[in-house]
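Enquirer: Here is a sequence with its predicted model. Questions after.
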Amino acid sequence: MITKKFTPSKLAYPLVFALAGLFGCNPEVEVDPAASLSLDATSEAQIANGASKIKYRGKHYIVLSTQEQLPAGLESKLAAANGKVNKLMPQAGVASVFSEDPEFVAKASKIPGVRSVVRDLEIEWLKPEDQKVVALENYGTPPFSGDNDRFFDLQWGHAAIQASEAWNAGARGKGVRIAVLDSGFDLDHPDLAPNIDLAASKSFVTGEQLGYALPGVGSHGTHTAGTIAAADNGIGIIGVAPEAQLILVKVLRDTGSGAFSWIIDGIVHATQQGADVINMSLGASLYRNGKYLDDNGTPNDPTDDFLVKGDTKGVQELLIALDRATRYATKNGVTLIASAGNDANNGNADQSLVHIPSSSSGVISISATAPRGWALNPLNTFMDNLASYSNYGIKDVQFAAPGGDYMYPGNEIATIAGVTQYVYVFDYVFSTGSNLTPGAASYYWSVGTSMAAPHATGVAALIIGQNGGQMDPAKVLARMRASADDLGKPGRDPYYGYGRLNALRAVTLTQ
């Protein structure tokens, strides 16, 4: 373990950048993010406003019991109905089943103790068009920031939530276990490998291993895991909770799609592996009326041949199945955190969609904040604009955290931490990536509420670590709420929820 202090006196100007968010920011300022967005900017942000791409997963079903535990002998009874059980999740009262029998639903629905049998869904939980990825092509030279993790100064999000000050107060996430439910991971990345519990990690994706296997550096799972718990090892970046353990759970293909049942599997598995926190930087928007769209469907074209007729009951049963999994996790002491979504959707006005898992029982939903042009004036740039793409709404957001944005309009070039890039790129979130070269460290910038949730998860881990571990999720939530910087209207508002999270206050608050 490398132990060091992060204080302004150790930073050589001008590379005091990374801690700029610690100064000159009034946490009580009232902000109306919507007023700062032009009509054109708002329209640009609403790239994919609408339901996620969803299709039925052929011959795969989810069975719910009448109680939150499965009836005795269910597997043999399902077999008698021509169903092969893929996974029994007795803790949640859910089973995933494969059957080639066209009458399986009717047969299985008659089994005593079965509440419903619904078709599993294949969902695009990560939209490719949302992934604004910029790779780091030139590693440059290490910065002179008083820290030997060469890209720490690029992590403005840590400054915004005062992570380094929390470390100085002794909070580093030691002993906390964090499960990351996502796409594939770079398992031998030098910044991640020291903190990964491989024995507890697992892939639930049919035909894909835990490791990321696509070319390029855009491993979404690796990026989120790095923000949460990259080791403080003098190599590249540092996670918000650099001494926490990572349980990596692959529930999405590397391309971002995945079965509904895989998410439930992942939540149950992480709980059984002793996770204290689960991060879900993924999400899907479903029509409450149950209308599904495949890859060629649009919600605005009623003549579209690919529009599947409504299945309101099916949607409701799937939401109940997910709720059962999240309740099981919460009852077993797991704090669940999820991204609020990237559709710039106003949940107060548009209630036709339900975003999951951020709206599921016990899940803490995170909106995204960002600076605009931070690289040009890092000491004075406001860090807490609501990101242009972030979903918002009183019931849709509980907290805000750094997620980055692409709204800075200029094309100026800047150099920070030995890295030269466009100014707008520095407003993105910088974290770990994967280049498929064993042991090589790759990094990239990205934006999204997917990047905000890991900052929040890191704060939760610091809180739990300071508590000595095994903390009631309700108490974690209460501490986050009491310590957040209230940036919007007093109390809970549509943009920041209870406020933008503050790691230092979260670990030092006495009340």
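Expert: Structure's in. What do you need?

Enquirer: now the strands for the stretch 1-150 of the chain?
Expert: With strands called from DSSP state E, counting those that start in this stretch, the stretch 1-150 of the chain shows them at 54-65, 84-89, 94-98, 114-124, 134-135.

Enquirer: Compute the inter-axis angle for the longest one and strand 114-124.
Expert: In this structure, strand 54-65 runs at an angle of 150 degrees to strand 114-124, with axes from the mean of the first three to the mean of the last three C-alpha atoms, to 10 degrees as the basis.

Enquirer: CA atoms of strand 54-65 as CSV?
Expert: Listed next in CSV are the C-alpha coordinates belonging to strand 54-65 (Å, rounded to 0.1, in the frame of the first residue of the first chain):
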residue,chain,number,x,y,z
ILE,A,54,-36.0,-4.8,-26.4
LYS,A,55,-36.9,-8.2,-27.8
TYR,A,56,-38.1,-11.5,-26.5
ARG,A,57,-35.4,-14.0,-25.7
GLY,A,58,-36.6,-17.1,-27.6
LYS,A,59,-37.6,-20.1,-25.5
HIS,A,60,-36.4,-18.5,-22.2
TYR,A,61,-38.8,-17.8,-19.4
ILE,A,62,-38.8,-16.3,-15.9
VAL,A,63,-41.0,-18.0,-13.3
LEU,A,64,-42.2,-16.2,-10.2
SER,A,65,-43.5,-17.9,-7.2
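
Enquirer: still on that earlier bit, ranking the strands of the stretch 1-150 of the chain by mean pLDDT, which is last?
Expert: Mean pLDDT is lowest for strand 134-135 out of the strands of the stretch 1-150 of the chain, coming in at a mean of 76.

Enquirer: helices or strands up against that strand?
Expert: Applying 3 or more C-beta pairs under 8 Å, 6 or more residues apart in numbering; DSSP states H and E, one finds that strand 134-135 contacts strand 442-446. All C-beta atoms are positioned from the backbone trio N, CA, C, and that covers glycine.

Enquirer: Extract the C-alpha trace of the strand it packs on and format it as CSV.
Expert: Taking C-alpha atoms only, strand 442-446 is exported to CSV below (Å, rounded to 0.1, in the frame of the first residue of the first chain):
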residue,chain,number,x,y,z
SER,A,442,-5.1,1.5,-21.1
TYR,A,443,-7.2,4.5,-20.2
TYR,A,444,-10.0,6.5,-21.8
TRP,A,445,-12.5,9.3,-21.3
SER,A,446,-16.3,8.7,-21.3
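
Enquirer: what sits up against it?
Expert: 131-136, 151, 186, 189, 217-218, 220, 223, 236-237, 404, 425-426, 428-435 (C-beta atoms under 8 Å, 6 or more residues apart in numbering).

Enquirer: Return the subset of the residues you listed lying in strands.
Expert: 134-135, 429-433 (DSSP state E).

Enquirer: Those, buried ones only, as a ChimeraX selection?
Expert: Command for ChimeraX that selects the buried part of the ones in strands among the contacts of strand 442-446, burial taken from 16 or more other C-beta atoms under 10 Å:
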select :134,429,430,431,432,433
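
Enquirer: What remains of the contacts of strand 442-446 if I keep only buried residues?
Expert: For these, buried by 16+ other C-beta under 10 Å: 131-134, 136, 151, 186, 189, 217-218, 220, 223, 236-237, 404, 425-426, 428-435.

Enquirer: on that earlier part again, which one of the ones in strands among the contacts of strand 442-446 is nearest T255?
Expert: Closest approach to T255 among those (C-beta to C-beta): G433, at 15.8 Å.

Enquirer: partners of that closest one in the sheet?
Expert: For G433, the beta-bridge partners under DSSP bridges are S442.

Enquirer: Is it correct that it is in contact with A135?
Expert: Yes - at 7.1 Å, G433 counts as touching A135 under the criterion of C-beta atoms under 8 Å.

Enquirer: and for those two, which residues touch both?
Expert: In contact with both G433 and A135: 217-218, 442-444, using C-beta under 8 Å, 6+ apart.

Enquirer: so what's the residue of the chain most remote from its centre up against?
Expert: Distance from the C-alpha centroid of the chain peaks at A80, with 39.8 Å (C-alpha atoms, centre = their mean). With contact set as C-beta under 8 Å, 6+ apart, A80 has no partners.

Enquirer: what do you get for Y328?
Expert: 68, 91-92, 267-268, 271.

Enquirer: what do you get if the cut-off is 10 Å, keeping everything else the same?
Expert: Applying C-beta atoms under 10 Å, 6 or more residues apart in numbering to Y328 gives the contacts 68, 89-94, 264, 267-268, 271-272, 334, 361-362.

Enquirer: For it, pull up the helix or strand it's in.
Expert: Following DSSP states H and E, one finds Y328 within helix 312-331.

Enquirer: what's the following helix or strand after that helix?
Expert: Next along the chain after helix 312-331, with elements defined by DSSP H and E, is strand 335-339.
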